[in-house]
Every structure is written in C-alpha cells, then in structure tokens.
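Student: Okay, here's the prediction I keep looking at, along with the sequence it came from:
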Amino acid sequence: MNLTQLGYGKKAVITKVNGQILALKLFEMGILPGEEVELENVAPFGDPIAINLSESKVCLRMQDASCIEIKLID
C-alpha cells in the first residue's frame, strides 16, 4: 500500500521510500521509514496532499506520495 491510498484520519507507518533521488529529498524532510503519518487534507483537485508527520505538516505531490510505502496502524 502506498501513501496515496491512505484515507482521512487513518494512521500508518512508513515502511519504504522508493527511488534514490526522491528518497534523499524526502529523508531531508523527515519522511523516514518507521515514522508515523496521518492524512490531513487533499487539495480540491486531488493534488497535493497534506500529511501530519511527527509534529509537523508536510505537503506532497501525489507522484511523490505514490513512492512512499506504508503499513496501516489498527
């Protein structure tokens, strides 16, 4: 499952970030494997999305979010 499939209010843990160049950019933003994320908002036309990550909010393009693999937290 990737980050684009996460529903509102659902929480997940990042398991993997695909793509070397993108992974480095996302790691610098704090998007790391093991971090807990929650979908907060989706723009009116579906792109970008806003996620809660630890104590910050991050906006990502759907293309970038599709490279982030997650596991749902029950």
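Tutor: Nice, thanks for sending it over.
Student: When you work out contacts or count neighbours from here on, use the C-alpha atoms and nothing else.
Tutor: OK.
Student: any idea whether Lys16 is helix, strand or coil?
Tutor: Following DSSP: H, G, I helix; E, B strand; the rest coil, Lys16 is assigned to strand.
Student: tell me the mean pLDDT for the longest helix anywhere in the chain?
Tutor: When the chain is scanned for its longest helix (criterion: DSSP state H), the result is helix 20-28. For helix 20-28, the mean per-residue pLDDT is 87.
Student: And it, what's buried?
Tutor: Using 16 or more other Cα atoms under 10 Å as the test for burial, helix 20-28 gives Ala23, Leu26.
Student: Residues contacting that helix, please?
Tutor: Val17, Leu32, Asp64 (Cα atoms under 8 Å, 6 or more residues apart in numbering).
Student: For Cys59, which residues are in contact?
Tutor: Neighbour list for Cys59: Pro48, Ile49, Ala50, Ile51 [criterion: Cα under 8 Å, 6+ apart].
Student: Next, it: phi, psi?
Tutor: Backbone torsions of Cys59, given as degrees, to the nearest 10, read phi -100, psi 130.
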